[in-house]
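Undergrad: got a structure for you, letters missing:
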């Protein structure tokens with residue numbers, strides 16, 4: 001109930017997009033390999049953004065701790 005109005009962080013939104021893209025890629029893998037590869041590539045790009053965001057967050061947390 002308390003999480004009902006809680007906004008998702010940018011990282012959570014990106015991870016959800018990543019999961020959806022991988023799911024689409026898996027479905028397409030049996031019918032259209034080219035589209036499946038494209039979705040996989042898009043998912044990898046989203047994961048790179050997630051990793052960059054994580055590094056940025058870690059840096060800011062480290063800076064706060066000092």
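TA: The structure has been received and is ready for your questions. A quick note: this is a predicted structure, and the numbers were derived from the prediction, not measured.

Undergrad: so which strand or helix has residue 54?
TA: Counting by DSSP states H and E, the element that carries residue 54 is helix 33-65.

Undergrad: What residues sit buried inside stretch 47-61?
TA: Buried residues in stretch 47-61, counting neighbours by 16 or more other Cβ atoms under 10 Å, are found at 47, 50. C-beta here means a position set from N, CA and C on the backbone, and glycine is covered the same way.

Undergrad: What lies in contact with it?
TA: Here stretch 47-61 makes contact (Cβ atoms under 8 Å, 6 or more residues apart in numbering) with 10-11, 14-15, 18.

Undergrad: Show the buried residues in the residues you listed.
TA: Looking at the contacts of stretch 47-61 with 16+ other Cβ under 10 Å, the buried ones turn out to be 14-15, 18.

Undergrad: got a markdown table for those, with secondary structure, pLDDT and distance to residue 57 too?
TA: Output for those, formatted as a markdown table (DSSP: H, G, I helix; E, B strand; the rest coil; pLDDT from 0 to 100; distance: Cβ to Cβ, whole Å):
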| residue | secondary structure | pLDDT | distance to residue 57 |
| --- | --- | --- | --- |
| 14 | helix | 96 | 12 |
| 15 | helix | 96 | 13 |
| 18 | helix | 97 | 17 |
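
Undergrad: and of those, the nearest to residue 26?
TA: Ranked by distance to residue 26 (Cβ to Cβ), those are led by residue 18 at 12.8 Å.

Undergrad: what sits against the closest one?
TA: Counting by Cβ under 8 Å, 6+ apart, residue 18 has contacts 43, 46-47, 50.

Undergrad: out of those residues, who's nearest residue 29?
TA: residue 43 (12.6 Å).

Undergrad: Leaving aside the residues adjacent along the chain, what's closest to the closest one?
TA: residue 21 (3.8 Å; Cβ to Cβ, 6 or more residues apart in numbering).

Undergrad: Just want the angle from the helix or strand hosting that neighbour to helix 33-65.
TA: Here residue 21 sits within helix 10-28, counting by DSSP H and E. With axes from the mean of the first three to the mean of the last three Cα atoms, to 10 degrees applied, the angle from helix 10-28 to helix 33-65 works out at 160 degrees.

Undergrad: Right, I'll leave it there.
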